[in-house]
Structures are given as structure tokens and as C-alpha cells.
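Participant: Could you look at this predicted model? Sequence included:
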Amino acid sequence: MASSAPLDFDLLNLLEQLNQDELSTFKALVRTLALQNELQQVSPVELDQAGGKQLAEILTTRCPRDWVEVVAIQVFVKMNRAELSERVKDQLRERALKSLQANKPPSSGMTWTEKPPREDLEEILQRLEEREP
């Protein structure tokens, strides 16, 4: 299953922060976290031979977007690279905030031009008392 949209974080940049041993560990951990179909279209040899750029391409084009986002966070934590995990989270938060700001509901910019009608407090209390048995 291919991603329907680009990732909300820069996977390539983060993978380029890893040395060769860390990249191998990242690939091994991704493989262990794959459930059923996530890596079905990727041969183990192709995954093993992939460099950072190729791995980012494989994950972004052949795997579900949400899965890649969650797995990247989990793998970086398991690798004791919490700073990279935090960068993924920060980038995801930033994109989500931008999306919310870009898609504000139309009512969010409305202002009242006149005060809403208010009933007298005494009248409201009187009505409530009349309803009580």
C-alpha cells in the first residue's frame, strides 16, 4: 500500500543523521515493527542494501504514511536517539498546527455586531419556580 500523501516530517534528513551502523539498526527495527502488509512490497535484500535516501524513498512510497510516522518515532527511541524522535514529533505538531490554521472554520473570524438578547434574571428565576412541582 503506497502513501497517499507526503510525510509530515523530513524522514530523509533524519536518516542522514545516522551513521552506517545506526542505519542498519534502523532498518532491522523497522522490519521487526512491520505488521502484515507494511513491507510486503519490499524485498529484504532491497531493504538491506538501501542507503538513507533509498530507505526514505522506499518507506514514503510503499508504506502507509501513518505507519511510517509512528514507526520512525518508535525506532529512534529504541535506538536511544530520543532527539531524533522528538524532532519527528515536533515536525508533526508543526504541520498539524499549520493545517489547523489553514483550515479554520468560517465562524472563527465572526464578531458580534450587537449584543445577544438577554432576559432579566428575575424573570428566569420566576419561570423556573413556576415549573417546580
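Facilitator: Looks like it arrived, so ask away.

Participant: how about E69, what does it touch?
Facilitator: When contacts are counted by Cβ atoms under 8 Å, 6 or more residues apart in numbering, E69 touches L7, D8, F9, V88, L92. Any C-beta I mention is one placed from the backbone N, CA and C, and that applies to glycine too.

Participant: please redo it, this time with the cut-off set to 7 Å
Facilitator: Neighbour list for E69: L7, D8, F9, L92 [criterion: Cβ atoms under 7 Å, 6 or more residues apart in numbering].

Participant: now do V42
Facilitator: V42 is in contact with I58, R62, counting by Cβ under 7 Å, 6+ apart.

Participant: 10 Å - rerun?
Facilitator: By Cβ atoms under 10 Å, 6 or more residues apart in numbering, V42 lies in contact with V30, R31, A34, A50, L55, I58, L59, R62, C63.

Participant: If any of these are buried, put those into a PyMOL selection.
Facilitator: One line in PyMOL is enough to select the buried members of these, burial here meaning 16 or more other Cβ atoms under 10 Å:
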select buried, resi 30+34+50+55+58+59+62+63
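
Participant: I'd like to know how far L84 sits from E57.
Facilitator: 19 Å (Cβ to Cβ, to the nearest Å).

Participant: These two: who's more crowded?
Facilitator: L84 (22 against 14; other Cβ atoms under 10 Å).

Participant: which residues are in contact with the lengthiest helix in the chain?
Facilitator: Longest helix in the chain by number of residues (criterion: DSSP state H): helix 82-102. Residues from elsewhere that reach helix 82-102 (Cβ under 10 Å, 6+ apart): 6-11, 13-15, 17-18, 22, 26, 68-70, 72-79, 81.

Participant: Out of the residues you listed, which end up buried?
Facilitator: Listed as buried from these are 7-9, 11, 14-15, 18, 22, 26, 68-69, 72-73, 75-76, 81; burial here means 16+ other Cβ under 10 Å.

Participant: Out of those residues, give me the two with the largest separation.
Facilitator: Pairwise distances across the buried ones among the contacts of helix 82-102 (Cβ to Cβ) peak at 22.7 Å, for the pair D8 and E22.
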